[in-house]
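*Asks:* Fold the following and give me the result.
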Amino acid sequence: MISLADTPLPTIPRSAPPELALPVGTTLDRFILREQNAFPFATGELSQLLRDIALASKIVNREINRAGLIDVTGASGTDNVQGEAQQKLDVIANIRFIRALRNGGEVCAIISEEDDDMILTGNANGKYVVAIDPLDGSSNIDVNVSIGTIFSIYRRISPVGSDATVADFLQGGRRQVAAGYVLYGSSTILIFTTGQGVNGFTLDHSLGEYILSHATMQQLRTGSIFSCNDGNMADYPDYVQTYLHTCRQRRLTSRYIGSLVADFHRNLIKGGIYLYPPTQKTPFGKLRLLYECFPMGFIAEQAGGQASDGQQAVLDVTPTELHQRSALYVGSPVLVNELLATR
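*Replies:* Okay, the predicted model is just below:
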């Protein structure tokens, strides 16, 4: 029998371009398998669930890239549960993720920003539930600015084999077993955590594979960027206005895309703080707790950052509704603590 270890690698011809000899890198599948093998009680369902999300994100990425060619930009003519106008791509992304999670068989129920009620997948033996914002930043779709997907995964507490219940989703941010986001921008990046740090994978379109590109991501302790909708400044709480005034005095840089995924990702890489305070119109905040604040808070803390609703760590907020709203301040811990100190 021939051992592969004894078989020499083929020689790259000297005339060949040097990039042919470069390694491809660690694929998402290989990374998930390696991480699964590190946990003796892992059974593979969560690994398959993460693969299902990755597959759906590739399909959504394809639809986004050809949106202008197949007339799927613009409003769909309907509103979601929050009363916000749905974009055509909102509807498409929602269908793609629900279909992938249903077909994967590991998820018994889903809640989505685009649907009023909990969605039972028909997989009563599935051990997980997923809360998802299929396409964050809808207002940016028509102008070709970065948008994203945000997801949160819980292990169900209702009996396996029965229908999932609302309580499966209201366990609280500390009970998340995994969370992540996909950024559809100049490149497509999948970032996720399973509570063992944060890792990022960039989609190689030529291979159709996510490749590990950002290993063991760390949030900078401080930074020079603050991100908020300055147009709402007069409606923000006094302590937020005071903090933002201080940021300007210190000549920090204002950067705001209007897509949570894009703003969060930039500040994770470069250091900064993202602010979405309550206003007179939205006194409890506007972001959704279960599928925006909780997953981003989980990722932030796993990367060494901080996330707060202004009163407490956002992961400590007790959820009472599927589409509950919250304020969010997230990013570099020094900046978040400086904000909270002004209260």
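*Asks:* list the buried ones in stretch 262-270?
*Replies:* Buried positions in stretch 262-270, judged by neighbour count with 16 or more other CB atoms under 10 Å: 262-268. (Each C-beta comes from the backbone N, C-alpha and C, glycine too.)
*Asks:* Go through those residues and flag which are in helices.
*Replies:* Members of the buried residues of stretch 262-270 lying in helices (criterion: DSSP state H): 262-268.
*Asks:* Tell me the one among the buried residues of stretch 262-270 nearest to P295.
*Replies:* The closest of those to P295 turns out to be F264 (CB to CB; 10.0 Å).
*Asks:* give the contact list for that closest one.
*Replies:* Contacts for F264 were tallied using CB atoms under 8 Å, 6 or more residues apart in numbering; they are 181, 274, 296, 299-300, 330-331.
*Asks:* give me that answer again for 10 Å
*Replies:* 136, 148, 150, 181, 183, 191, 227, 257, 272, 274, 292, 295-296, 299-300, 305, 307, 328, 330-331 (CB atoms under 10 Å, 6 or more residues apart in numbering).
*Asks:* again with P134
*Replies:* Residues in contact with P134 (CB under 10 Å, 6+ apart) are 56-57, 60, 89-98, 110, 112-115, 148-151, 182, 291.
*Asks:* Then N94?
*Replies:* The contact partners of N94, by CB under 10 Å, 6+ apart, come to 60, 80, 86, 110, 112-115, 119, 132-135.
*Asks:* quick one: which of those has the most company?
*Replies:* Within the contacts of N94, neighbour counts (other CB atoms under 10 Å) peak at L135, which reaches 31 neighbours.
*Asks:* these two touch, right, D204 and T26?
*Replies:* No: between D204 and T26 there is no contact under CB atoms under 10 Å: 11.7 Å.
*Asks:* Now for the two: what residues contact both?
*Replies:* Common neighbours of D204 and T26, using CB under 10 Å, 6+ apart, are 210-211, 213.
*Asks:* ok, back up a step: where strands are concerned, which of the contacts of N94 count?
*Replies:* 86, 110, 112, 119, 132-135 (DSSP state E).
*Asks:* secondary structure class for C108?
*Replies:* Look at C108: counting by DSSP: H, G, I helix; E, B strand; the rest coil, its state is strand.
*Asks:* what about it, distance to G126?
*Replies:* Using CB to CB, to the nearest Å, C108 is found at 4 Å from G126.
*Asks:* Comparing those two, which residue is more hemmed in?
*Replies:* Using other CB under 10 Å as the criterion, C108 and G126 rank with C108 on top: 27 against 24.
*Asks:* in stretch 237-246, what's buried?
*Replies:* Judged by neighbour count using 16+ other CB under 10 Å, the buried positions of stretch 237-246 are 237, 240, 243-244.
*Asks:* Let me see the contact set for T246.
*Replies:* 226, 252, 338-339, 342.
*Asks:* Filter those residues down to just the ones in strands.
*Replies:* Those of the contacts of T246 lying in strands (DSSP E): F226.
*Asks:* taking the contacts of T246 as a set, which two sit the farthest apart in space?
*Replies:* Among these, the pair separated by the greatest distance (CB to CB) is L252 and T342, at 14.5 Å.
*Asks:* Now render the contacts of T246 as TSV, adding distance to V160.
*Replies:* Formatted as TSV, the contacts of T246 follow (distance: CB to CB, whole Å):
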residue	distance to V160
F226	45
L252	50
E338	46
L339	43
T342	47
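*Asks:* nearest to L315, of the contacts of T246?
*Replies:* Nearest to L315, judged by CB to CB, of the contacts of T246 is L339 at 17.3 Å.
*Asks:* How much space separates that closest one from Y239?
*Replies:* Distance from L339 to Y239, counting by CB to CB: 8 Å.
*Asks:* do D204 as well
*Replies:* For D204, the distance to Y239 equals 45 Å [CB to CB].
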